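Enquirer: let's see this in three dimensions:
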Amino acid sequence: MWRGSPYSYAQLERLLQNHFSAPRRLFQVHALLLTSGALSASAATAFPYNCLIHAHLRLPSTSSTPPCAPLRLFSAMLAAGARPNGHTFPSLLRSAAASGPATTALHAQCLRRGLTGDRFVACSLLSSYGRAGRLARDASKVFDEMGSPDLASSNAMLDVLCIAGDLDKGREFFERMTTRDVVSWTTLISGLLRNGCHWDAVEAFRGLLADKNNNNRGRLALGEATLVSVLSACASLDGTEGLAVGMSVHAYVVRHGVGLTAFLGTALIDMYGKYGKLGCCRTAFQAVSEKEVCTWNALLSALANHGIEAEALVKFNMMIVGGFLPNQITFLALLTCCARAGLVEIGLYWFEAMVTEYQVTPMMAHYGCVVDLLGRAGRFMDAIKTIERMPFMPDASVWGALLGASKLHGNVELVAEIGRKLLDLGPQQSDRYVTIRNIYLEDGNWHAATRMGEVMHEAGIKKTAGQSSVVFHSTAIP
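Expert: Residues are numbered from 1 along each chain as shown. Predicted coordinates:
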């Protein structure tokens, strides 16, 4: 308890824990501390500042509190003469992770106060430097200065290497680790997944299951993060091998009685949806006891991408009735449904409602869906007006949607205009140039088709050769 106040530090901590997600309440607690003298120079200690810094860090990203609030509190803490300790810097370093200069300044404060030997502080320094993109010079130096790093520090360094995309060093570091646990394996799997090495992530998961040196081998219990990562890797693979591994992960979940949380269920639905196993999607969806918006989105996307538009619309209505607020991904799936089912008026209604009623800002993909919706219905003037009203320049995906509709309706005049727009965007979309040339050929316009071929040649655009492969014992054979 601080002088002149009826409140104890335990009560303060309880207040902040109960109201950390409410910015207004947090400001009220902060005001209470100021008016009661708890933050004055005569009574200042690290504890109330640590509590406030940690509470600010846990505020929702949508709150009005500026991201620099923890650093401002730290400045006020120093000005009041309170001495920072090992509980102060981990939260500060998390808030400064995106800023290299702030991390360096906090590192200097840690050195000045002799706190770099604290493992918790050192791990936070590693993560902060890694996320600021300053791996080689700073994060590695911090790790090397530890002397005899423990498992938590090694896991933090492995995470930094994976975030930096240096997978060769990451794998080498992982192999050198004398002790590994599920967190180590999960960090490696997530890093491989993040860098597009999906099959390697699956192989790492198999290595986890077979690792005899795993700290938790006798009581191996894979956490949600591990299972979600490997399911995401399976969803990104081609061929039936990914589905087989994903089904084995699902079997593990059932066999070990792992509860399907919203995020684990979402990963499972997404994996089955990528392989068209809609029955399994529905089963997994029903098994999720407490659904979140992401769970509904995964099911809606699976149904929309496989032509089950009517059911997707029914599920969307159930989602709204259930009190869930749709987000950008929800509306993308909904607009895809409407475009493929030819439900023009319904699609236009929801496109307007997403802005006016739900305050969801449309992305490029949403405009592409609307252009596709109108184009499929032959309403080319409306589609062009939609493009003209876009708040940003349309990219190749939007013009590609209009190109597909033009091909469907044989609108050769519009194809020529789209061709010019695509040329202005650059030579990245070779398949669309080929489509334009083929439309000209089908229309009998040999001169225009030849000219398009010449333009492709001049711009260095090459047609992507088709290829197929067979996956045999985890190896793709061309």
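Enquirer: make it CA atoms for all contacts and neighbour counts henceforth
Expert: OK.
Enquirer: was I right about Leu264 contacting Glu224?
Expert: Yes. Taking contacts as Cα atoms under 8 Å, Leu264 lies within contact range of Glu224: 6.3 Å.
Enquirer: who has more neighbours, those two?
Expert: Using other Cα atoms under 10 Å as the criterion, Leu264 and Glu224 rank with Leu264 on top: 24 against 17.
Enquirer: quick check: the gap between the more buried one and Ile418.
Expert: 42 Å (Cα to Cα, to the nearest Å).
Enquirer: need the residues that contact stretch 160-177.
Expert: By Cα atoms under 8 Å, 6 or more residues apart in numbering, the surrounding residues in contact with stretch 160-177 are 126-127, 130-131, 133, 135, 139, 154, 158, 184, 187-188, 191-192, 195.
Enquirer: nearest to Ala365, of these?
Expert: Asn195 (23.4 Å; Cα to Cα).
Enquirer: what number of residues lie near the closest one?
Expert: Asn195, neighbours per other Cα under 10 Å, totals 15.
Enquirer: list phi and psi for it.
Expert: Note on Asn195: its backbone torsions stand at phi -100, psi 20 [degrees, to the nearest 10].
Enquirer: pLDDT value on the closest residue to it other than its chain neighbours, please?
Expert: Distances taken as Cα to Cα, 6 or more residues apart in numbering put Gly165 closest to Asn195, at 6.5 Å, once the chain neighbours are dropped. pLDDT recorded at Gly165 is 82.
Enquirer: picking up where we left off before, show me which of the contacts of stretch 160-177 are buried.
Expert: Among the contacts of stretch 160-177, the ones that count as buried by 16 or more other Cα atoms under 10 Å are 126-127, 130-131, 133, 135, 139, 154, 158, 184, 187-188, 191-192.
Enquirer: give the contact list for Gly410.
Expert: Ile439.
Enquirer: okay, buried residues for the longest helix seen in the chain please.
Expert: Taking DSSP state H as the criterion, the chain has its longest helix at helix 240-255. Residues 241-243, 245-247, 249-250, 253 are the ones in helix 240-255 that count as buried (16+ other Cα under 10 Å).
Enquirer: I'd like to know which elements whatever helix or strand comes next after that helix is packed against.
Expert: On the C-terminal side of helix 240-255, the nearest following helix or strand under DSSP states H and E is helix 262-274. With contacts taken as 3 or more Cα pairs under 8 Å, 6 or more residues apart in numbering; DSSP states H and E, helix 262-274 sits against helix 224-235, helix 240-255, helix 278-287, helix 293-305.
Enquirer: export helix 262-274 to PDB, keeping only CA atoms.
Expert: The C-alpha coordinates for helix 262-274 follow below in PDB (Å, rounded to 0.1, in the frame of the first residue of the first chain):
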ATOM      1  CA  ALA A 262     -12.200 -22.400 -32.700                       C
ATOM      2  CA  PHE A 263      -8.700 -22.100 -34.200                       C
ATOM      3  CA  LEU A 264      -7.900 -25.800 -34.400                       C
ATOM      4  CA  GLY A 265     -11.300 -26.500 -35.800                       C
ATOM      5  CA  THR A 266     -10.800 -23.700 -38.400                       C
ATOM      6  CA  ALA A 267      -7.500 -25.200 -39.500                       C
ATOM      7  CA  LEU A 268      -9.200 -28.600 -39.800                       C
ATOM      8  CA  ILE A 269     -12.100 -27.200 -41.800                       C
ATOM      9  CA  ASP A 270      -9.700 -25.300 -44.100                       C
ATOM     10  CA  MET A 271      -7.600 -28.400 -44.700                       C
ATOM     11  CA  TYR A 272     -10.600 -30.500 -45.700                       C
ATOM     12  CA  GLY A 273     -12.000 -27.700 -47.700                       C
ATOM     13  CA  LYS A 274      -8.900 -27.400 -49.900                       C
END
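Enquirer: measure the residue most central in space within the chain to Arg176 for me?
Expert: Nearest residue to the geometric centre of the chain (Cα atoms, centre = their mean): Arg194, 9.7 Å. Distance, Arg194 to Arg176, by Cα to Cα: 22 Å.
Enquirer: next one: Ala302
Expert: Taking Cα to Cα, one finds Ala302 at 41 Å from Arg176.
Enquirer: between those two, which one's more packed in?
Expert: Neighbour count, other Cα under 10 Å: between Ala302 and Arg176, Ala302 has more, with 27 against 10.
Enquirer: any idea how many residues pack against the nearest residue to that one once chain neighbours are set aside?
Expert: The shortest distance from Ala302 to any non-neighbouring residue, by Cα to Cα, 6+ apart, is to Gly273 (4.6 Å). Neighbourhood size, Gly273 [other Cα under 10 Å]: 25.
Enquirer: give me every residue that touches Gly273.
Expert: With Cα under 8 Å, 6+ apart, Gly273 has these contacts: 281, 298-299, 301-303.
Enquirer: buried residues of stretch 80-87, list them for me.
Expert: In stretch 80-87, counting by 16+ other Cα under 10 Å, buried: 80-82, 84-87.
Enquirer: list just the nearest of these to Pro391.
Expert: For the buried residues of stretch 80-87, the nearest to Pro391 is His87 (45.8 Å; Cα to Cα).
Enquirer: ok, the closest one to Leu78 distance?
Expert: Look at His87 and Leu78: by Cα to Cα, they are 15 Å apart.
Enquirer: where does the stretch 51-200 of the chain dip in pLDDT?
Expert: In the predicted model, the stretch 51-200 of the chain carries pLDDT under 70 at residues 59-67, 97-100, 132-137.
Enquirer: contacting residues around the nearest residue to His56 once chain neighbours are set aside?
Expert: In space, and not counting its chain neighbours, His56 is closest to Pro70: 6.3 Å by Cα to Cα, 6+ apart. Listed by Cα under 8 Å, 6+ apart, the contact set of Pro70 reads 52-54, 56-57, 92, 95.
Enquirer: do you know the pLDDT at the nearest residue to Leu264 once chain neighbours are set aside?
Expert: Closest residue to Leu264 apart from its sequence neighbours, by Cα to Cα, 6+ apart: Val228 at 5.6 Å. Val228 is assigned a predicted lDDT (pLDDT) of 93.
Enquirer: burial of Val228, as a residue count?
Expert: The number of residues packed near Val228 is 21, by other Cα under 10 Å.
Enquirer: quick one: residues contacting it.
Expert: Residues counted as contacts of Val228 (Cα under 8 Å, 6+ apart) are 263-264, 267-268.
Enquirer: will you turn the residues you listed into a markdown table that also has distance to Glu203?
Expert: Converted to a markdown table, the contacts of Val228 look like this (distance: Cα to Cα, whole Å):
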| residue | distance to Glu203 |
| --- | --- |
| Phe263 | 22 |
| Leu264 | 20 |
| Ala267 | 18 |
| Leu268 | 19 |
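Enquirer: between these, which is nearest Gly322?
Expert: Phe263 (18.3 Å).
Enquirer: surely Ala122 meets Asp144?
Expert: No. Using Cα under 8 Å, Ala122 is not in contact with Asp144; the gap is 10.8 Å.
Enquirer: neighbour count: these two, which is higher?
Expert: Neighbours of Ala122 and Asp144, each counted by other Cα under 10 Å, are more numerous for Ala122; the result is 26 against 11.
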